[in-house]
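> Compute the structure for the input listed below.
(4 chains)
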There are 2 protein chains.
Amino acid sequence: MTTTVAQQRLLDAAVEAFAEQGYHGTTTRDIASRAQRSPAAVYIHHESKEDLLFAVSLRGHQEALAVLESAFGSTDDPTERLQRMVYEFSLWHLRNAQVGRVVQYELRALRGDHREAVINLRHRFEELMVQALRSGERSGAFAQLDVGAAGRALLSLGIDLVRWFEAAPGRDAEAVARANVDFAMRIVRP
Amino acid sequence: MTTTVAQQRLLDAAVEAFAEQGYHGTTTRDIASRAQRSPAAVYIHHESKEDLLFAVSLRGHQEALAVLESAFGSTDDPTERLQRMVYEFSLWHLRNAQVGRVVQYELRALRGDHREAVINLRHRFEELMVQALRSGERSGAFAQLDVGAAGRALLSLGIDLVRWFEAAPGRDAEAVARANVDFAMRIVRP
DNA sequence: GTCTATAGCGGGATAGAC
DNA sequence: GTCTATCCCGCTATAGAC
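Down below sits the predicted model:
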């Protein structure tokens, strides 16, 4: 199950096009042309345009989730853990703003099973944040919080980066991620 | 310049359709049908589909901006002021999640002058937040912050509500807005 | 100001050669 | 696996009657 060059080019082209123009604003001809392939080439590896979006969206969700899971599991110290989670989650959205925009903005375009599969993955992001916040509460490192609301707020700080970061040239991604860590710590401190 | 019933119905229908399906995913036939009009009726009050999006987007931006300006001007006390700004800005996005989603997600679909006009309005949101944060810094009510980054973070807390709130039935809008005020105060406190 | 009817074209997807 | 050529549907927008 290796990914061929042609497959990868099509996926990359789709990410670029969907991020710039949205799913419905993108033609399969445009994707093919960005990948330097014929219009028919899109259908060699994907059943339909929607199927291609699913491939992009699923990979994006899995990648972002892997980053968050890895940060979650990297230490037992609640403060260190939450800092790493916010930092890595934010940085992923900064460094992968195009995929991130497709992941966040094009959910509606997914049909039936595809949408369900992705929504199921999305629950996991909140769960991880809530767990991280609870462990800090218990240890006394964090204040008593509405962990659901606080978890969503911390995710929002990361997710909403895809809205503006790409259009703000010259801004340093690491610095933005560190700022989010700072804000997160301020939110949870007792 | 009164808005006729037919005009309002078309605008409402457009908001609903664009929010659910996105601009490019919506047909003018769908908008007409939701407004219980013929497909041609869309073109009586608007030159094109894009022109209709512009009408929706411009009104939405103006409304949200009016809410933020009003909160900004409602008091001189920095803490009270920032609380009102975050509360009202969050509440507007919660109570107008459909318009809010069009405003936030469909910017790309606006062409030329239309996009520029809206982007100009958007700068004002950040400016207001930065001003509010600066005055709190000066008075000693707030910590020394990167006011640009903090302003964007506070806006993110409000804006990202349109992504998930509508799909979370039974959740109380005022409570969510109050939670955002709480997080904002935690971020800025010395 | 609203309708019915339709022009005209762009886009998703496929056929069939190589 | 990739191409060229094309089907055919559905969409934006308009014409013209009322």
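
> quick one: A:Ala17 from chain B, how far?
From A:Ala17 across to chain B, the span is 12 Å (CB to the nearest CB, to the nearest Å). All C-beta spots, glycine's among them, are computed from the backbone N, C-alpha and C.

> If you could redo that for A:Phe142, that was the one I meant.
Distance of A:Phe142 to chain B, computed by CB to the nearest CB: 11 Å.

> got it, and A:Ser57?
Distance of A:Ser57 to chain B, given as CB to the nearest CB: 15 Å.

> Which helix or which strand is home to that residue?
helix A:49-73 (DSSP states H and E).

> before we move on, what SS does A:Tyr23 have?
Assigned by DSSP: H, G, I helix; E, B strand; the rest coil, the conformation of A:Tyr23 is coil.

> which other helices and strands contact the longest helix anywhere in chain A?
Scanning chain A for the longest helix, with DSSP state H as the assignment, gives helix A:112-139. Where contact means 3 or more CB pairs under 8 Å, 6 or more residues apart in numbering or on different chains; DSSP states H and E, helix A:112-139 is packed against helix A:49-73, helix A:78-95, helix A:147-159.

> okay, the angle between it and helix A:147-159?
With axes from the mean of the first three to the mean of the last three CA atoms, to 10 degrees defining the directions, helix A:112-139 sits at 120 degrees from helix A:147-159.

> May I have stretch A:164-176 as PDB, with CA atoms only?
Provided in PDB are the C-alpha atoms of stretch A:164-176 (Å, rounded to 0.1, in the frame of the first residue of the first chain):
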ATOM      1  CA  TRP A 164      -5.900  34.100   9.400                       C
ATOM      2  CA  PHE A 165      -2.400  32.800   9.600                       C
ATOM      3  CA  GLU A 166      -1.700  32.100   5.900                       C
ATOM      4  CA  ALA A 167      -2.800  35.600   5.000                       C
ATOM      5  CA  ALA A 168      -0.400  37.200   7.600                       C
ATOM      6  CA  PRO A 169       3.000  36.900   6.000                       C
ATOM      7  CA  GLY A 170       6.200  37.300   8.000                       C
ATOM      8  CA  ARG A 171       4.600  36.100  11.200                       C
ATOM      9  CA  ASP A 172       6.600  33.500  13.100                       C
ATOM     10  CA  ALA A 173       4.700  30.200  13.600                       C
ATOM     11  CA  GLU A 174       6.600  29.100  16.700                       C
ATOM     12  CA  ALA A 175       6.000  32.500  18.300                       C
ATOM     13  CA  VAL A 176       2.200  32.200  17.600                       C
END
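
> So which bits of that stretch are buried?
Going by neighbour count (16 or more other CB atoms under 10 Å in any protein chain shown), the buried part of stretch A:164-176 is A:164-166, A:176.

> Please report the distance of A:Glu174 from DNA strand C.
A:Glu174 sits 37 Å away from DNA strand C, going by CB to the nearest atom of the strand, to the nearest Å.

> In terms of pLDDT, where does the nearest residue to that residue once chain neighbours are set aside sit?
Among residues not flanking A:Glu174 along the chain, A:Leu91 sits closest, at 7.1 Å (CB to CB, 6 or more residues apart in numbering or on different chains). Looking at A:Leu91, its pLDDT stands at 98.
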